[in-house]
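Engineer: What follows is a predicted structure for the sequence shown.
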Amino acid sequence: MAGTEDVRSDGKQSTQKTPEGPLSTENVPTISSENDRPPRTNAKTGSQKMPTRFIEWLQLVAQVLLVFVGAYAVFIYGGQLKVFKAQFSEMQRQTGILNKQAQQSAQDALAASRQVDRQLKIAQEQTRAAQRQAKAAQSGIELVQRQMRQDQRAWLTINFGDIPGIAEGKPLSIPIKITNTGKTAAMEFAAQIAVRRIENTVEAGAKLDFGFEFPHMAETSSLLLSSDPPDVRSVMEVERVGPNGQIVPHNLSGAEVNRLRSGEDFVLVYARLTYKDIFGVAHATNACHFSSPSGRNVYARKCSNYGSMDNN
């Protein structure tokens, strides 16, 4: 080259010729790398540029610091993880204990429930047994009381006599006897007695009833003593009952007498006695009687079934 270029401080290049000939390395300036050059100074600002190697060292230091910080964070997190694992293991252990306790409590509750059920069943059976015993005792007491009351109560009976005779223009008259066969008095006594003529046929016998809707005899008494003699009286077929309760008997006509004597009709008499004993228990006696002046058989089976006496 004819010469070398130099750079002036003002940034302009200057050209300086050098003599021709071989170049000596002693005289040739060594070109260093950019990193080996001293920092240049900005002519305008006077500041120096930071070397690239220094920046790399700073980055390396920063990276090392980051590594240490990361390692420390990993160490801290590892410790916390161990603590968490220990806590979790403890929680699992406590949960297992609680589960066992809950299972044991459930088993204990089930056993207690079964025991309570067994005891309840035993108590119920004992209660039922006690109730049966109490009922049996009560029944025994009631039986004794009933037997005592039956032994001491009033018993009213009624008996019928035979028709003394029938005649035209005369009423049917039948004697009856009411007797207290018990040991004590009968109170609030009432009697209803009916005398009727019934057609002697199968149909009429099947339709027999024992009501008191038509005129009949009735009487009441406040007291019938067991020591009283039997009350004997005659009852009659009633035509009507007067406004003051007086009885108007029915007098037989000639045709009615003939039907009785021929057996076309028969006489039916029935009664119902009601009263109370000295214990206040109500009683009733039903009785029925039939008679045929002709002597013929009559259709009066229902009359035989009517008679009854309570057993209270």
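Structural biologist: Done, it's in.
Engineer: all helices for the protein, in order.
Structural biologist: 52-152, 202-206, 254-262, 301-306 (DSSP state H).
Engineer: closest one to Tyr275 among those?
Structural biologist: helix 52-152 (14.2 Å; Cβ to Cβ). All C-beta spots, glycine's among them, are computed from the backbone N, C-alpha and C.
Engineer: hmm, back to that, out of the helices of the chain, which is closest to Tyr270?
Structural biologist: For Tyr270, the closest of the helices of the chain is helix 301-306, at 6.2 Å, according to Cβ to Cβ.
Engineer: Tell me the buried residues in the closest one?
Structural biologist: 302-303, 306 (16 or more other Cβ atoms under 10 Å).
Engineer: Same question for stretch 251-260.
Structural biologist: Neighbour-count burial for stretch 251-260, counted by 16+ other Cβ under 10 Å, picks out 252, 256-257, 259-260.
Engineer: what does it rub up against?
Structural biologist: Here stretch 251-260 makes contact (Cβ atoms under 8 Å, 6 or more residues apart in numbering) with 166-172, 197, 239, 265-267, 292-294.
Engineer: low pLDDT regions in this protein?
Structural biologist: 1-51 (pLDDT under 70).
Engineer: most residues in a single strand of it, which one?
Structural biologist: strand 186-199 (DSSP state E).
Engineer: In PyMOL, how would I select just the buried ones from the contacts of stretch 251-260?
Structural biologist: To isolate the buried ones among the contacts of stretch 251-260 in PyMOL, judged by 16+ other Cβ under 10 Å, type:
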select buried, resi 166+171+172+197+265+266+267+292+293
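Engineer: which pair in the contacts of stretch 251-260 spans the largest distance?
Structural biologist: Comparing every pair within the contacts of stretch 251-260 by Cβ to Cβ identifies Glu239 and Ser294 as the most remote, at 23.7 Å.
Engineer: Please report how far Thr127 lies from Glu256.
Structural biologist: 70 Å (Cβ to Cβ, to the nearest Å).
Engineer: ditto for Leu223
Structural biologist: From Leu223 to Glu256 the distance is 39 Å (Cβ to Cβ).
Engineer: for Val238, same thing?
Structural biologist: Val238 is 15 Å from Glu256, by Cβ to Cβ.
Engineer: Need the nearest residue in space to Arg240, chain neighbours excluded.
Structural biologist: With sequence-adjacent residues excluded and distances taken as Cβ to Cβ, 6 or more residues apart in numbering, Arg240 is closest to Val248, at 4.8 Å.
Engineer: Great, nothing more from me.
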